[in-house]
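1. A structural model of the following input is requested.
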Amino acid sequence: MLQFRILAFISLSNSFARNPRLSSKFVFSDKFTSKRRFSMSGTTSVNVALCQIATTKDKALNIKTACDAIAVAAQNGSDIISLPECFNSPYDSACFPHYAEEIPNRMEDLNAKIHPSTYALSKTAKNTCRYIIGGSIPEREGEKVFNTCLVFGPDGSIIGKHRKMHLFDIDVPGKITFKESDSFSPGNSITVVDLPMCKIGLGICYDIRFPELSMLMREKGCSILFFPGAFNMTTGPAHWELLIRSRAVDNQCYVCAVSPARDPDGQYIAWGHSTVADPWGEVIATTNHAPSTVYAKLDLDKVKKVRESIPVGNQKRDDIYKLVNRL
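-> Okay, here's the model as predicted:
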């Protein structure tokens with residue numbers, strides 16, 4: 001655990017050295033308090049941590065790495081801690097069915113052997129007394145497999161569940177071809193979780209490219225959107241930060257996007273660069289591609305101020321166009 005914490009600090013320090021303009025926007029871990037708990041109604045700020053961890057072919061090791069990272073982030077005073085997409089599995093369509101596990105409907109049915117990822121995150125959330133956004137795991141339900149994100153409360157209970165709605169089926173000639181639908185089925189729900197500090201919305205990776213989903217989550221009152229993702233070496237440099245900042249500006253909210261760390265020897269190479277953007281569209285915390293944890297303090301009053309200053313939410317032309325939620 002200590003080794004991970006040191007690596008995280010080194011990774012963030014290297015980010016500053018390469019890009020000095022970011023140094024004033026990061027929130028270091030020593031600014032947090034580890035004694036914070038959750039009687040938080042009326043709070044105006046929330047501390048978030050994005051755990052950019054490395055994934056391997058060893059599922060048990062991946063789960064341990066995730067739980068260790070969460071424990072460090074909790075010690076550093078984070079209120080909400082997020083993991084990346086497919087944190088327990090290589091990002092590979094051939095792997096997803098083999099790493100998939102069922103997610104029980106009742107907490108009393110949770111079993112460490114049958115549901116290892118969910119069991120471990122539930123236990124870690126309870127042990128740390130923190131809100132955990134469990135990145136995503138391949139979820140098996142009957143004959144189908146979904147790319148699923150769970151949210152855990154400080155008591156270890158599952159308080160939110162999002163199945164990736166938009167599957168990553170792309171073909172960029174000469175660069176990358178990937179067809180997530182070879183293994184996954186799409187989810188069909190908009191996921192908003194009402195926490196004591198604010199409402200949060202959930203999407204997974206490719207979901208961020210569809211602005212209507214984020215707009216619907218803003219309409220449901222979200223102040224923060226979380227996108228566990230795994231952009232690659234083609235789409236990452238071109239679109240990762242652009243999309244994060246765009247969704248933040250569109251919806252005048254915070255957007256937190258967390259990636260796996262980059263494995264140059266992997267079949268699918270992640271871009272990394274986990275990032276937080278504020279309601280003004282500014283990057284307030286980020287990192288490079290190495291294993292690290294990004295910390296940020298989110299001022300929820302800023303969401304209100306930006307929305308009042310530029311009140312696009314009240315200026316839509318519903319007589320000409322309208323966003324429709326068909327669920």
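2. quick one, helices of the protein?
-> Assigned helices in the chain, in chain order: 2-18, 59-75, 96-99, 116-128, 211-219, 235-251, 300-309 (criterion: DSSP state H).
3. so which of those helices gets nearest residue 47?
-> helix 59-75 (9.1 Å; CB to CB). The way it works is simple: take the backbone N, C-alpha and C, and place the C-beta from them, glycine included.
4. other residues contacting the closest one?
-> 1, 4-5, 8, 34, 49, 51, 53-56, 81, 83, 87-89, 99, 116-117, 120-121, 123-125, 127-130, 132, 135, 293, 295 (CB atoms under 8 Å, 6 or more residues apart in numbering).
5. please apply the same query to stretch 174-181.
-> In contact with stretch 174-181 (CB under 8 Å, 6+ apart) are residues 93, 147, 167-171, 206, 232-235, 268.
6. next, the buried residues of stretch 307-324.
-> Applying a neighbour-count criterion of 16 or more other CB atoms under 10 Å, one finds residue 307 buried in stretch 307-324.
7. over to stretch 280-291?
-> Within stretch 280-291, the residues that count as buried by 16+ other CB under 10 Å are 281, 283, 284, 285, 286, 287, 288, 289, 290, 291.
8. any regions of the stretch 201-327 of the chain where pLDDT drops low?
-> In the predicted model of the stretch 201-327 of the chain, no residue satisfies pLDDT under 70.
9. all strands of it, in order?
-> For the stretch 201-327 of the chain, applying DSSP state E, counting those that start in this stretch gives strands covering 222-228, 254-258, 275-277, 283-286, 292-299.
10. which residues of the stretch 1-150 of the chain score low on pLDDT?
-> Low-confidence segments of the stretch 1-150 of the chain (pLDDT under 70): 1-43.
11. can we see that at 90?
-> Where the stretch 1-150 of the chain drops to pLDDT under 90, the residues are 1-44.
12. most neighbours per residue, which of the strands of the stretch 201-327 of the chain?
-> strand 254-258 (a mean of 28; mean count of other CB atoms under 10 Å).
13. quick revisit: which among the contacts of stretch 174-181 gets closest to residue 314?
-> Closest to residue 314 out of these is residue 206 (30.4 Å), distances taken as CB to CB.
14. next up, the contacts around the closest one.
-> 164, 166, 167, 168, 180, 229.
15. how close does the second one get to residue 186?
-> Distance from residue 166 to residue 186, counting by CB to CB, to the nearest Å: 7 Å.
16. and the most centrally placed residue in the chain, what does it touch?
-> Closest residue to the average C-alpha location of the chain: residue 228 at 3.1 Å, with CA atoms, centre = their mean. By CB under 8 Å, 6+ apart, the contact set of residue 228 is 82-85, 87, 133, 135-136, 149, 204-205, 257-258.
17. relative to residue 315, how far out is it?
-> Computed as CB to CB, the residue 228 to residue 315 distance reads 32 Å.
18. before we move on, what about residue 143?
-> Taken as CB to CB, the span from residue 143 to residue 315 is 47 Å.
19. ditto for residue 89
-> 44 Å.
20. residue 110 too?
-> To residue 315, residue 110 is 47 Å away according to CB to CB.
21. then residue 280?
-> 18 Å.
22. quick revisit: the residue nearest to the centre of the chain bridge partners, please.
-> residue 258 (DSSP bridges).
23. among the contacts of helix 59-75, which ones are buried?
-> Buried subset of the contacts of helix 59-75 (neighbour count, 16+ other CB under 10 Å): 4-5, 8, 49, 51, 53-55, 81, 83, 87-89, 99, 116-117, 120-121, 124-125, 128, 130, 132, 135, 293, 295.
24. pretty sure residue 217 sits against residue 193.
-> No. Using CB atoms under 8 Å as the test, residue 217 is too far from residue 193 to be in contact (10.2 Å).
25. the more surrounded of the two?
-> Set side by side, residue 217 and residue 193 show more neighbours around residue 217, with 23 against 20, by other CB atoms under 10 Å.
26. show me what contacts that one?
-> By CB under 8 Å, 6+ apart, the residues touching residue 217 are 190, 192, 201, 203, 225, 251.
27. looking at the residues you listed, which is nearest residue 264?
-> Set against residue 264, the nearest of the contacts of residue 217 by CB to CB is residue 203 (27.2 Å).
28. separation between residue 273 and residue 235?
-> For residue 273, the distance to residue 235 equals 12 Å [CB to CB].
29. correction: residue 84
-> Distance of residue 84 to residue 235, computed by CB to CB: 15 Å.
30. what's the answer for residue 279, then?
-> 25 Å.
31. likewise for residue 301?
-> 34 Å.
32. these two: who's more crowded?
-> Neighbours were counted for residue 301 and for residue 235 using other CB under 10 Å; residue 235 has more, 22 against 10.
33. touching, that one and residue 270? I think so.
-> No. Counting by CB under 8 Å, residue 235 sits too far from residue 270 to count as a contact (10.6 Å).
34. how many neighbours does the nearest residue to residue 57 once chain neighbours are set aside have?
-> Excluding the flanking residues, the one nearest residue 57 by CB to CB, 6 or more residues apart in numbering is residue 90, at 5.9 Å. Close neighbours of residue 90, defined as other CB under 10 Å, add up to 21.
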